[in-house]
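Asker: show me the folded form of this:
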Amino acid sequence: MLPLAIQVHHAVCDGYHIGRFIELLQEKINDFDSSFNSTSYDISATAKERMNEMTDKALWVFSDMSGNCSSTISLCEATKEDAPFIASVYNQAILAGNCTCDTQTVTSEMREKWICQHATDGYPVYLCLENGIPVGYGYLTAYRQGREAVNHVAEISYYLDFSAHGRHIGTHLLAALEQQAKKQGIKVLIAILVGSNRPSIGLLEKHGYVEWGRLPQIVHFGNRHTDHLIYGKYL
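Answerer: This next block holds a predicted model:
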């Protein structure tokens, strides 16, 4: 038996979210043994080789030695082999019910095509690694693609595995994506997000993004309605 206590602020969370959390937690507990054994096998073989490959191809690296344990955050281009992880992380955001406007979960096959399309469009998807292990991803998207007057503007998006929250990884991921944007000649970044996604709003405001637009109550999660926000920053 494992005691569990949950404390939330009702302004950003309600019974629906608690219910989804309990369901996901139970699924993780039920699958613990098989997942643990599978991960041990993968890391000792194919996954370890992939981790080394991603570390070698890192485009951005940050080492944090301030805590009790050192941590290295790096960024590399995602490939179709990363589609299962990326699908898993995005599905967490979908099931949370307040992080994205998508309401139906995605498959690895769907994300594989999506990764390839982003690369073809010149905006690759980037995998975020902590000590060589994937913990999230981010990407840029052309804003109003094909319109020359705004070809210096891009949309920024990022997602972390829920287990990686609270370790300031999002701060480093955001900084890395901004650096990649500058390399591509991007001068303005915008983030389009759901008004109920308070953690993401806090992260953006912490790094100098300002609310540039608000579309009131147009996002409908069943009976729950919230705003769609546009945050922006000049690089």
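
Asker: average model confidence for stretch 127-147?
Answerer: Averaged across stretch 127-147, pLDDT comes to 95.

Asker: for the chain, what helix or strand is lowest in average pLDDT?
Answerer: When the helices and strands of the chain are scored by mean pLDDT, DSSP states H and E, helix 32-44 comes last with a mean of 43.

Asker: just the pLDDT for the spatially most central residue of the chain.
Answerer: By C-alpha atoms, centre = their mean, the mean C-alpha position of the chain lies nearest to Tyr159, the distance being 0.6 Å. pLDDT for Tyr159: 97.

Asker: got it, and Thr72?
Answerer: pLDDT, Thr72: 89.

Asker: ranges for the strands of this protein?
Answerer: 60-64, 71-77, 125-130, 133-142, 153-160, 188-194, 210-221, 224-234 (DSSP state E).

Asker: among the ones you listed, which is the most enclosed?
Answerer: strand 125-130 (a mean of 23; mean count of other C-beta atoms under 10 Å). For every residue, glycine as well, the C-beta is placed using N, CA and C.

Asker: so what does that one touch, helix or strand wise?
Answerer: In terms of contacts (3 or more C-beta pairs under 8 Å, 6 or more residues apart in numbering; DSSP states H and E), strand 125-130 is packed against helix 46-56, strand 71-77, helix 83-96, helix 108-120, strand 133-142, helix 169-183.

Asker: angle of it against helix 83-96?
Answerer: 90 degrees (axes from the mean of the first three to the mean of the last three C-alpha atoms, to 10 degrees).

Asker: I figured Tyr143 hits Ile156, correct?
Answerer: No - between Tyr143 and Ile156 there is no contact under C-beta atoms under 8 Å: 10.1 Å.

Asker: now do the shared contacts for those two.
Answerer: Both Tyr143 and Ile156 are in contact with Ile190, where contact means C-beta atoms under 8 Å, 6 or more residues apart in numbering.

Asker: list the contacts of Gly232.
Answerer: Per C-beta under 8 Å, 6+ apart, neighbours of Gly232: Val188, Leu189, Ile190, Ala191, Tyr209, Val210, Trp212.

Asker: Tyr143 versus Cys101, what's the distance?
Answerer: Cys101 sits 17 Å away from Tyr143 when distances are taken as C-beta to C-beta, to the nearest Å.

Asker: report the contact partners of Ser163.
Answerer: So Ser163 contacts Val135 (C-beta under 8 Å, 6+ apart).

Asker: and the one 4 residues further on, by the same measure?
Answerer: Remark: with contacts taken as C-beta under 8 Å, 6+ apart, Arg167 is in contact with Ser71, Glu130.

Asker: next, give phi and psi for it.
Answerer: phi -120, psi 20 (degrees, to the nearest 10).

Asker: re the thing from before, turn the contacts of Gly232 into TSV, columns for distance to Thr120 and pLDDT.
Answerer: Listed next are the contacts of Gly232 as TSV, based on distance: C-beta to C-beta, whole Å; pLDDT from 0 to 100:
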residue	distance to Thr120	pLDDT
Val188	23	98
Leu189	21	98
Ile190	22	98
Ala191	23	98
Tyr209	28	98
Val210	32	98
Trp212	29	98
